[in-house]
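Enquirer: Below: sequence and its predicted model.
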Amino acid sequence: MNKSFQISRRSFLARCTATAAATGLPWWFIQEQLAGAAEAEISQPKRPSPNDRPGIALVGCGGQGSGDARNAANYGEVLAVCDVDQTHADAAVKRFTTDGKTPAKYHDFRRVMERKDVHLIVQGTPDHWHTLVNLAAAKAKKDIYGEKPLTLTIDEGKQVVKAVRQNQVVFQTGTQQRSDTRFHLACELVRNGRIGKLQQVNVFVPAGLREGPFASVPVPEGLDWDYWQGQTPNVDYVKQRCHTMFRWWFDYSGGPVTDWGAHHNDIARWAIGLDGPMEVEAKVVTGPIPGGYTTPSEFEATLNWANGVRQVVKTTPDDGWGGWVINEKGQRNGVKFEGTDGWIWVNRDEITASDKELLHTALPTNAVRLEVSHNHMGNFFDCVRSRKDPISNIEGGHRSASVGHLIVIALRSGRKFQWDPEKEIFTGDGAAEGNAQLAREMRKPYDYSFIG
Ligand SMILES: NC(=O)c1ccc[n+]([C@@H]2O[C@H](COP(=O)([O-])OP(=O)(O)OC[C@H]3O[C@@H](n4cnc5c(N)ncnc54)[C@H](O)[C@@H]3O)[C@@H](O)[C@H]2O)c1
């Protein structure tokens, strides 16, 4: 045996052992994953010029957008930052100034799209702005790392899928749990019948906030409130409607089910292996306070899938809305797959099963394999170079966001709906009521004509 191979094999095994100890994942799976990663690294095409360090623009410089752009800066140059709040834009200029190079600051994302040296967009605007920014970027032939949930409505999702495909841009949805080994393992085991026939998927998302009533206050200096509101109804400025807290208002988002639900329902769908459910019903468990946040902090929904799987999506008040633990003995957020022969539970911290052997026995070589990514942003940049589809591609982003939107429609209507996942329309009783909620009226000038 060649000596250099012996050394690299020894260090490879050491890496497997260290990873197994740190993650609690089964050894066979880590060995497979790390071997796959090494192969992928070797088979990477050389970065073509001028994309050696692609030019990046950050649109939406809040908490998540800034974090995403920080990751993206490992692979490219942040040349531009854009926000309708000057305070956030100024902070981003500071954050992304390196080696004396200062990114340009923009207020209007349409001007960013005109820059030829910007190859890709990292987009972290609130949900109600995702679609117009993504459409403008696709039309300008920029690749996109776009935050979850992909859209505000199902109809918007159809438009974005079309634009991404027509313009042949690379799109990664910010559902980063697809690049997390625990979720990958759980879904691969379920897909291969490790727990027998999958019967039920229980999704737990952290409960939302229940607060209010809120008072309107003067718009803070530097914030363009009209632009921030975009397509949504124009209302007086209320602090709790704006940064970070927009997710608890139906005007801008969908509450817990489009927030954490965008992640966990994506994982449920990965394991179920279908585009969308056939039936959805939902009920409010804890309703909002009048004059406060409008999305219910607690709800329960049931979806039925064509392969006989029942999916229950519930909030848990035992975890805080950001995922932190409130009640240690309570219900954690995560996904539980129940089959005829056992169950698997997975979340960002652990993977467990009804029987240890379900995890620790390796899959056969002819098993169904799911796509592998170990780094969501890295996977995006790999695809920017190779022009392949990232792990959370546009169709997947749309279909997983649609699960949340379907639940929101059922919650707001308080009735059961039949859904045709192929045609993407409601059918049967209540179809007209449901189909009327697939799109929303967009306030001018922030409708589709805004981006030309
Ligand atoms: N992948 C994840 O784990 C994860 C985590 C948190 C948030 N998110 C998603 O990221 C998005 C942003 O969430 P956040 O918590 O960072 O919100 P945030 O309020 O902190 O940031 C949003 C920013 O976008 C700016 N903005 C609004 N409209 C704009 C426009 N038209 N053009 C440019 N900028 C605009 C706001 O002023 C703000 O600075 C949401 O869609 C959220 O669901 C994803």
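Expert: Noted; the coordinates are in hand.

Enquirer: Enumerate the residues of the protein near the ligand.
Expert: Listed as neighbours of the ligand in the chain under the rule C-beta under 6 Å from any ligand atom: 59-65, 82-85, 88, 109, 124-127, 129, 147-148, 174, 176, 227-228, 230, 243-244, 259. In this view, the C-beta of every residue, glycine as well, is placed from N, C-alpha and C.

Enquirer: out of the residues you listed, which are buried?
Expert: Buried subset of those (neighbour count, 16 or more other C-beta atoms under 10 Å): 59-62, 64-65, 82-85, 88, 109, 124-127, 129, 147-148, 174, 176, 228, 230, 243, 259.

Enquirer: among the residues you listed, which are in helices?
Expert: 64, 65, 88, 109, 127, 129, 228 (DSSP state H).

Enquirer: In this structure the fifth one contacts residue 246, no?
Expert: Yes: counting by C-beta atoms under 8 Å, residue 127 does reach residue 246; the two are 7.4 Å apart.

Enquirer: Quick check: neighbours shared by those two?
Expert: Contact criterion C-beta atoms under 8 Å, 6 or more residues apart in numbering; residues shared by residue 127 and residue 246: 252, 253.

Enquirer: Just the C-alphas of stretch 414-428, formatted as CSV.
Expert: The C-alpha trace of stretch 414-428 is given here as CSV (Å, rounded to 0.1, in the frame of the first residue of the first chain):
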residue,chain,number,x,y,z
GLY,A,414,-61.3,27.5,9.4
ARG,A,415,-62.3,24.7,7.0
LYS,A,416,-61.0,21.6,5.3
PHE,A,417,-59.7,21.9,1.7
GLN,A,418,-58.9,19.5,-1.1
TRP,A,419,-55.7,20.3,-3.0
ASP,A,420,-54.5,19.2,-6.4
PRO,A,421,-50.7,19.3,-6.1
GLU,A,422,-50.2,18.8,-9.8
LYS,A,423,-52.5,21.7,-11.0
GLU,A,424,-51.8,23.6,-7.8
ILE,A,425,-55.4,24.5,-7.2
PHE,A,426,-58.0,23.7,-4.6
THR,A,427,-60.8,21.3,-5.8
GLY,A,428,-64.1,20.2,-4.4
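
Enquirer: what's it in contact with?
Expert: Under C-beta under 8 Å, 6+ apart, the answer for stretch 414-428 is 154, 158, 274-281, 283-284, 306, 399, 402, 406, 409-410, 429-431, 433-435, 438.

Enquirer: what's residue 201 sitting at in phi/psi?
Expert: Dihedral pair for residue 201: phi -120, psi 120, per degrees, to the nearest 10.

Enquirer: my guess is it meets residue 339, correct?
Expert: No: under the criterion of C-beta under 8 Å, residue 201 makes no contact with residue 339, lying 10.0 Å away.

Enquirer: Pick out whichever of those two has more residues nearby.
Expert: Set side by side, residue 201 and residue 339 show more neighbours around residue 201, with 25 against 21, by other C-beta atoms under 10 Å.

Enquirer: now the more buried one: how far from the ligand?
Expert: 20 Å (C-beta to the nearest ligand atom, to the nearest Å).

Enquirer: Report the contact partners of that residue.
Expert: So residue 201 contacts 268, 271, 272, 309, 310, 311, 312, 335, 336, 337, 338 (C-beta under 8 Å, 6+ apart).

Enquirer: Next step: those restricted to strands.
Expert: 310, 311, 312, 335, 336, 337, 338 (DSSP state E).

Enquirer: and those, which are buried?
Expert: 310, 311, 335, 336, 337, 338.

Enquirer: Determine which two of those are furthest apart.
Expert: Pairwise distances among those were taken by C-beta to C-beta; the largest, 13.8 Å, belongs to 310 and 335.

Enquirer: State the distance from the residue nearest to residue 195 when sequence neighbours are not counted to residue 186.
Expert: Counting by C-beta to C-beta, 6 or more residues apart in numbering, residue 339 is the residue found nearest to residue 195 once chain neighbours are left out, at 3.1 Å. Here residue 339 is placed at a distance of 12 Å from residue 186 (C-beta to C-beta, to the nearest Å).

Enquirer: Equivalent analysis for residue 92, please.
Expert: Residue 92 is 36 Å from residue 186, by C-beta to C-beta.

Enquirer: start to end distance for stretch 180-200?
Expert: This stretch, stretch 180-200, spans 22 Å end to end (C-alpha to C-alpha, to the nearest Å).

Enquirer: Now it: buried residues?
Expert: Residues 180-191, 194-195, 198 are the ones in stretch 180-200 that count as buried (16+ other C-beta under 10 Å).

Enquirer: Run through the helices of this structure in chain order.
Expert: So, for the chain - with DSSP H - the helices run 3-23, 27-43, 63-72, 86-95, 109-112, 127-139, 154-166, 181-191, 225-229, 260-272, 356-360, 376-386, 394-413, 431-435.

Enquirer: and the fourth one, how far from the chain's centre?
Expert: Offset of helix 86-95 from its chain centre (C-alpha atoms, centre = their mean, to the nearest Å): 24 Å.

Enquirer: Same question for the third one.
Expert: On the basis of C-alpha atoms, centre = their mean, helix 63-72 sits 14 Å off its chain's mean C-alpha point.

Enquirer: Give me the contacts around it.
Expert: Taking C-beta under 8 Å, 6+ apart as the rule, helix 63-72 contacts 56, 58-59, 61, 78, 81, 91-92, 95-96, 120, 122-125, 145, 147, 174, 244, 377, 380-381.

Enquirer: again, 7 Å this time
Expert: 56, 58, 78, 92, 95-96, 122-124, 145, 147, 174, 244, 377 (C-beta atoms under 7 Å, 6 or more residues apart in numbering).

Enquirer: ditto for the fourth one
Expert: By C-beta under 7 Å, 6+ apart, the list of residues contacting helix 86-95 from outside reads 58, 61, 62, 66, 81, 82, 83, 102, 103, 105, 222.

Enquirer: Buried ones in it, by neighbour count?
Expert: 88, 89, 91, 92, 93, 95.

Enquirer: ok and that helix relative to helix 63-72, angle-wise?
Expert: 20 degrees (axes from the mean of the first three to the mean of the last three C-alpha atoms, to 10 degrees).

Enquirer: Also the longest one?
Expert: Computed by the same axes, to 10 degrees, the angle separating helix 3-23 from helix 63-72 equals 170 degrees.

Enquirer: Quick check: which helices or strands does helix 3-23 pack against?
Expert: In this structure, helix 3-23 packs against helix 27-43, with contacts taken as 3 or more C-beta pairs under 7 Å, 6 or more residues apart in numbering; DSSP states H and E.

Enquirer: Name the residue of the stretch 1-150 of the chain that lies nearest to the ligand.
Expert: residue 62 (1.8 Å; C-beta to the nearest ligand atom).
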